[in-house]
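Give me coordinates for this.
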Amino acid sequence: MENNKVTINGVDHSVEDFNDQEKLLLSRIQECRNRVNEAQFSYQREVAALEWISQSFVKAVEERQKQPESNDLVTDEPDVGSPAMTVN
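Below you'll find the model as predicted:
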């Protein structure tokens with residue numbers, strides 16, 4: 001255990017004084033806290049990714065709408081050099 005004391009209801013307790021069950025429960029508490037912290041980090045990362053992707057999508061659609069449509073040249077060949085959508 002990294003911290004050799006635990007405060008419960010304002011009273012400090014030495015980890016060395018805990019029995020095996022109490023030490024196991026304390027270890028499980030620490031594991032749960034670590035998983036919660038990891039989940040919060042992952043959530044924040046996904047929210048940021050969602051925001052960036054959404055903004056990129058809107059920008060791509062708006063940029064496409066700004067480009068003038070060209071009906072002058074009609075070919076049967078697809079324009080493989082242009083991506084369907086750009087993400088910046």
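
Need the per-residue pLDDT for Ile8.
pLDDT recorded at Ile8 is 95.

Glu69 now?
73.

Likewise for the one 5 residues further on?
Val74 is assigned a predicted lDDT (pLDDT) of 53.

go on, the one 3 residues further on?
Here the pLDDT value assigned to Glu77 is 55.

and what of the one 4 residues further on?
Gly81 is assigned a pLDDT of 49 by the prediction.

Contacts for the strand or helix carrying Asp12, please.
In this assignment (DSSP states H and E), Asp12 forms part of strand 11-14. The contact list for strand 11-14 (Cβ atoms under 8 Å, 6 or more residues apart in numbering) reads Asn4, Lys5, Val6, Thr7. Just so you know, the C-beta spots here come from the backbone N, C-alpha and C atoms, and that holds for glycine as well.

how about 6 Å then?
Strand 11-14 has contacts (Cβ atoms under 6 Å, 6 or more residues apart in numbering) with Lys5, Val6.

distance between that strand and the chain's centre?
The chain centroid and the centroid of strand 11-14 are separated by 37 Å, computed with Cα atoms, centre = their mean, to the nearest Å.
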